[in-house]
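Engineer: here is a sequence with its predicted model. Questions after.
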Amino acid sequence: MKKDFNYNFHTHTYRCGHASYEKEEEYINKFIKNGFKIVGFSDHMPLPKEEFPQEKSRMYINEKKDYISKLKRLKKQYKSLDILIGFECEYDKMYDKHLMNLKDNSDYLILGQHFIKGINPIGNINYPILYANSVCEALDTGLFSYIAHPDVYLKYRETIEKSDYDKYICNCKNAAEIICKKAKKLNIPLEINLTFKNNIKIMNDNSYPYPHRLFFDIAKKLNNTFVIGVDAHSKNVIDKYNDSTKSILKDLDIYKNIILDYNPLLYKNNIMEKKYKIFKKNIQSYEYNYIKKLSKNIKYNDEVSIKKIIKEDIASTNKKYIKIVSSLKKEIDELNNTIMDISLKSKKISRKKEYIRYCNESYKHRLKMLNKIYKKIMHIKVDNKIIKNLLKFYSKDK
Ligand SMILES: [Zn+2]
Ligand SMILES: [Zn+2]
C-alpha cells in the first residue's frame, strides 16, 4: 500500500496511566504493518521528584529508566523501522533542569502544553492568551521539536458564557496568531493531531475539540508548516492513520506546507539549537526557581513573611499527600470489587500500589527541600536581602 506519510512521533505507552495496557511491540508491529518507516514514542513526561506523581497522567520519574532502556532495546531489535525516544512535555520554568535532563537523555521533546499551572481554563475568556504566552515562553528555551495540538486551548470553548463569546473568539484568534507567528519565526512545525478524528469526538459546533479551523485558517495564512501526529494511546488507532490524515487535511482545507518526511533528528533548526545553548547556560535548579517564584508572591522580603509562605507550603504538601494517597487507596478498593479481566485488574492494582510508594518518595523529597530552605533563612538573613541571599546560595554558580 502506497502511503503519503510514513512517520509518527506522537505515541504513548501504558506508563502514562490513561493508555491501553499494550506492549510497545504491539504498537511497533502495527506501525510496520501500516508501512511506517520511522516512529517516535513520546510518552507524557514524568514530573520532577519534588512534585507528587500523577497516576492517571504520566509515568513516575523512576519509570523513566525502564521506558528508555526498553525502547533502546527495541531500536536494536527492529531493523525495518526506525524508532526514536521522546517525551511529550508541559513547560514550566520550575522544570528547566528536569526538562534539560529529559532532552539530553532522549532523541526529542514535543511541547504538549495541556494546562498552565494555577490557571483555570473553564469559562475563562483570557485563557487562550495566557496559553499562547506560555507556548512562546516554552519555545524560547529551544527544548522542543514541534508543538503538539497547538490549538488544544480551544477545547474549553463550550464552557464560555454566551455573553462573553465574541470577546472569547477574538482572544482565540489573537492566541492563534501569537502561536503561529512565534512558530514561524523559530521554524517550528505545528502538529495536526488525530486524536479526536480517530476517536470521533465532536462538539456542539460540529467540529472536533481540536484540530479546529479557527486556528488552522490563521496558520495557513501565516504560512506555517505542519506535521501529522497520531497521539496514539492504543495500537488500533494506527490502522486509521492514512484515512484519518487524508480526511482531516480535507476538513481543515490544508494542502500546502505539510512536511512529508518529518524527522526531528534530521530537521535541522539552527535557531532552536542556539536558543537551547543559551538556555542551558542559564539553567537553574528546581529549588532556585522555587525561591524565585516565592519572591514574586511575598509582599515583604522579611523573615516572617517568607517563613510563613514556606510553612503554608509544608501544610499544603501534607494535605495533598493525604488526599492523593487516600484516593489511591479508595480506587484500589473499588478495583477489588469490580468484575474485570483478572490480569488487567492485577496490573491496575499493582500500579496504584506503586504510586502510593512514589507518593511517599515525593512527599519526603519535597518536605526535605522546604525544610532546608526554611532553615537556610535563619542563617543568611541580612535585613531584607533574604531572597537575594537564598538565590545566591542555590545558584548553580555557587
Ligand atoms: Zn495522553
Ligand atoms: Zn499526547
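Structural biologist: Done, it's in. Ligands and ions are numbered 1, 2, ... in the order given.
Engineer: Y255: what's it in contact with?
Structural biologist: By CB atoms under 8 Å, 6 or more residues apart in numbering, the contact set of Y255 is L249. Any C-beta I mention is one placed from the backbone N, CA and C, and that applies to glycine too.
Engineer: 10 Å - rerun?
Structural biologist: Going by CB atoms under 10 Å, 6 or more residues apart in numbering, Y255 touches K220, L249.
Engineer: again, but for the one 4 residues further on
Structural biologist: By CB under 10 Å, 6+ apart, the residues touching I259 are F5, Y7, Y146, P189, T225, F226, V227, I228, Y267.
Engineer: quick one: S163 from I125, how far?
Structural biologist: 10 Å (CB to CB, to the nearest Å).
Engineer: what does this structure put close to ligand 2?
Structural biologist: By the rule CB under 5 Å from the ion, the part of the chain lying against ligand 2 is E88, D231.
Engineer: tell me how many other residues surround the residue in the chain that ligand 2 sits nearest to.
Structural biologist: Of all residues in the chain, D231 sits closest to ligand 2, at 4.3 Å by CB to the ion. D231: 22 surrounding residues under other CB atoms under 10 Å.
Engineer: what is the rounded mean pLDDT of stretch 80-96?
Structural biologist: Per-residue pLDDT values over stretch 80-96 give a mean of 97.
Engineer: er, stretch 274-288 actually
Structural biologist: 95.
Engineer: quick revisit: which residues sit in contact with the residue of the chain closest to ligand 2?
Structural biologist: Counted by CB under 10 Å, 6+ apart, D231 has contacts 8, 10-12, 42, 88, 112, 148-149, 191, 193-199, 237.
Engineer: same question, D243
Structural biologist: Counting by CB under 10 Å, 6+ apart, D243 has contacts K197, N198.
Engineer: how about the strands in the chain?
Structural biologist: Remark: strands assigned in the chain by DSSP state E are 7-8, 38-44, 82-89, 108-111, 146-147, 190-193, 226-229.
Engineer: dump the ones you listed to CSV, plus distance to S362.
Structural biologist: Shown next, in CSV, are these (distance: least, CB to CB, whole Å):
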stretch, distance to S362
strand 7-8, 32
strand 38-44, 16
strand 82-89, 18
strand 108-111, 22
strand 146-147, 29
strand 190-193, 30
strand 226-229, 30
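Engineer: take these and lay them out in CSV including mean neighbour count.
Structural biologist: Formatted as CSV, the strands of the chain follow (neighbours: other CB atoms under 10 Å):
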stretch, mean neighbour count
strand 7-8, 26
strand 38-44, 25
strand 82-89, 22
strand 108-111, 23
strand 146-147, 26
strand 190-193, 25
strand 226-229, 26
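Engineer: how about the ones you listed, which one is nearest F52?
Structural biologist: Closest to F52 of the strands of the chain is strand 38-44 (CB to CB; 14.9 Å).
Engineer: export the closest one to PDB, keeping only CA atoms.
Structural biologist: The C-alpha trace of strand 38-44 is given here as PDB (Å, rounded to 0.1, in the frame of the first residue of the first chain):
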ATOM      1  CA  ILE A  38      10.100   5.900  11.300                       C
ATOM      2  CA  VAL A  39       8.200   6.500  14.500                       C
ATOM      3  CA  GLY A  40       8.800   8.000  17.900                       C
ATOM      4  CA  PHE A  41       7.500   7.300  21.300                       C
ATOM      5  CA  SER A  42       6.700  10.400  23.200                       C
ATOM      6  CA  ASP A  43       5.000   9.400  26.500                       C
ATOM      7  CA  HIS A  44       3.900  12.100  28.900                       C
END
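Engineer: helices or strands up against it?
Structural biologist: Judged by 3 or more CB pairs under 10 Å, 6 or more residues apart in numbering; DSSP states H and E, strand 38-44 is in contact with strand 7-8, helix 24-33, helix 64-77, strand 82-89, strand 108-111.
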